[in-house]
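Enquirer: structure of the sequence below:
(one chain, ligands or ions: 1)
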Amino acid sequence: MNSATSASATASASRSHAQPASVEKVNLLGMTRQALEQFFEQMGERKFRAGQVMKWIHQYGVTDFEQMSNISGKLRSQLAEKCEIIAPEVVHRHYSKDGTRKWVFRVGDGDGSLVETVLIPADDKTGARKTLCISSQVGCALDCSFCSTGKQGFQRDLTPAEIIGQLWVANQSYMEDVPIAERTRSVTNVVMMGMGEPLLNFEPVVAAMSLMLDDFAYGMSKRRVTLSTSGVVPMIDKLAETIDVALAISLHAPNDALRDELVPINKKYPLEQLIAAAQRYLAKNGSDSQRKHVTIEYVMLDGVNDQAEHAQQLLKLLKNLPSKINLIPFNPFPHAPYGRSSRNRIMAFQKTLSDAGFVCTIRQTRGDDIDAACGQLVGQVADRTRRAERWKKKVADQHSEILRTQG
Ligand code: SF4
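Expert: Numbering: from 1, shown residues only. The predicted structure follows:
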């Protein structure tokens, strides 16, 4: 299917989730294997039940305990009485002609909180690699100046079920009408790079990532699960101690003065500290041959961070940090204060980095017909938070000022 589909045609895979969650029941969707094993032990059951149930939930997309055929009827009844499997409700989905898929989820108890998730297939005709960009918070407190999500302000953290539920729904979207026995997981890669700063919602994000890595759930390899941070330095160290996944840094500027402006958390954790933390992360996890570099995300803003001098500064900054650099053409959103760098400028920037020996890619602009940049679709569906209001007022005031000065 490649046509737009609105709330009225919410994915059948998540139809059951439109029902309000029962307060008394335990939602098993976001429980790690360890938590689920404890849960079954407390019920007087054997630990291996956890793996069995996880497979039904995450690999076959089953939410009805009655369908879990390798579990006794008695236990199925107990589970149905005490538990539920509820993913966030899909309120909008949109499938692009190029294969990109995007969902807007309602999370929480009817407080209007929305998050979005984007699936981008590889541009290699086979479409075998499918990368899902997952949100970790409703909105974001960090207010990066080029980011649509930042303009919406922070509302709340997502729970483990709301985080892993995004992956669950994305996989489900390929399972519709497929018999249970023939179902396979379609999403091959995950990047924690959607709305929010994942390291500021640490425990739920780690719980969800542990499910991504777990063979009884999604069984992804460590190099296919990437956490992207804007640079919360102490939490990078904590991450290194906690779980082994790939690390990406939303860098976007090669010097502190510019990064203070684009990524304000830089004022707290400047570049020198950030690069050192990334080096420590590799030193901790880098013994694995798959963990030899970090990914550097660098959005290309016309005339702001895309000049030859910036490329030179970037080379110097990354000299001692094994990195792959991903240049991201900026995807403008309404009232954005920046424009996208020209193709020639991006190519020249890439050449400087590649000539110096860095692997440097340019992200394909995909899903342009569905506003694939982080936070844009939610911004359209419900752009109503206070910061959004302040932002709109500021833009209106600027327009008034321009009109006034122009006489
Ligand atoms: S770029 Fe990431 S960290 Fe910055 S405001 Fe947007 S969501 Fe938050």
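
Enquirer: tell me the SS of residue 45?
Expert: Three-state assignment for residue 45 (DSSP: H, G, I helix; E, B strand; the rest coil): coil.

Enquirer: doesn't residue 72 make contact with it?
Expert: No - with contact defined as C-beta atoms under 8 Å, residue 45 does not count as touching residue 72 (9.7 Å). The way it works is simple: take the backbone N, C-alpha and C, and place the C-beta from them, glycine included.

Enquirer: more neighbours: these two, which one.
Expert: Ranked by neighbour count (other C-beta atoms under 10 Å), residue 45 and residue 72 place residue 45 first, with 17 against 11.

Enquirer: for that one, which non-adjacent residue is spatially closest?
Expert: Using C-beta to C-beta, 6 or more residues apart in numbering and skipping residues adjacent in sequence, the residue nearest residue 45 is residue 75, 6.7 Å away.

Enquirer: the ligand contacts on the protein?
Expert: Proximity of the chain to the ligand (C-beta under 6 Å from any ligand atom) is limited to residues 140, 142-144, 147, 149-150, 195-197, 230, 250, 374.

Enquirer: keep only those of these that are in strands.
Expert: residue 250 (DSSP state E).

Enquirer: wait, what's in contact with residue 338?
Expert: For residue 338, the contact set (C-beta atoms under 8 Å, 6 or more residues apart in numbering) comprises 145, 146, 301, 302, 304, 330, 332.

Enquirer: list the beta-bridge partners for the third one.
Expert: Beta bridges link residue 301 to residue 340 when assigned by DSSP bridges.

Enquirer: low-confidence regions, the stretch 51-200 of the chain specifically.
Expert: 123-127 (pLDDT under 70).

Enquirer: all strands for it, in order.
Expert: For the stretch 51-200 of the chain, the strands defined by DSSP state E, counting those that start in this stretch cover 83-84, 89-95, 101-107, 113-121, 130-133, 137-139, 154-157, 189-192.

Enquirer: would you list those in a markdown table and tack on mean neighbour count?
Expert: Below are the strands of the stretch 51-200 of the chain laid out as a markdown table (neighbours: other C-beta atoms under 10 Å):
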| stretch | mean neighbour count |
| --- | --- |
| strand 83-84 | 20 |
| strand 89-95 | 22 |
| strand 101-107 | 23 |
| strand 113-121 | 26 |
| strand 130-133 | 22 |
| strand 137-139 | 26 |
| strand 154-157 | 18 |
| strand 189-192 | 24 |
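
Enquirer: want to throw these into JSON lines with distance to residue 210?
Expert: Formatted as JSON lines, the strands of the stretch 51-200 of the chain follow (distance: least, C-beta to C-beta, whole Å):
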{"stretch": "strand 83-84", "distance to residue 210": "20"}
{"stretch": "strand 89-95", "distance to residue 210": "24"}
{"stretch": "strand 101-107", "distance to residue 210": "20"}
{"stretch": "strand 113-121", "distance to residue 210": "19"}
{"stretch": "strand 130-133", "distance to residue 210": "17"}
{"stretch": "strand 137-139", "distance to residue 210": "19"}
{"stretch": "strand 154-157", "distance to residue 210": "17"}
{"stretch": "strand 189-192", "distance to residue 210": "12"}
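
Enquirer: which one of those strands lies closest to residue 260?
Expert: Among these, strand 154-157 comes nearest to residue 260, with 19.8 Å by C-beta to C-beta.

Enquirer: so what strands line up beside the closest one?
Expert: Strand pairing for strand 154-157, using DSSP bridges, gives strand 137-139 (antiparallel).

Enquirer: so residue 314 touches residue 298, yeah?
Expert: Yes - Residue 314 is in contact with residue 298 according to C-beta under 8 Å; the separation is 7.4 Å.

Enquirer: now do the shared contacts for these two.
Expert: Common neighbours of residue 314 and residue 298 (criterion: C-beta under 8 Å, 6+ apart): residue 325.

Enquirer: quick one, what contacts residue 209?
Expert: Residue 209 neighbours (C-beta under 8 Å, 6+ apart): 190, 192, 225, 227, 243, 245.

Enquirer: what's the closest of these to the ligand?
Expert: The closest of the contacts of residue 209 to the ligand turns out to be residue 192 (C-beta to the nearest ligand atom; 10.3 Å).

Enquirer: can I assume the closest one is in contact with residue 198?
Expert: Yes - contact criterion C-beta under 8 Å: residue 192 and residue 198 qualify, at 4.3 Å.
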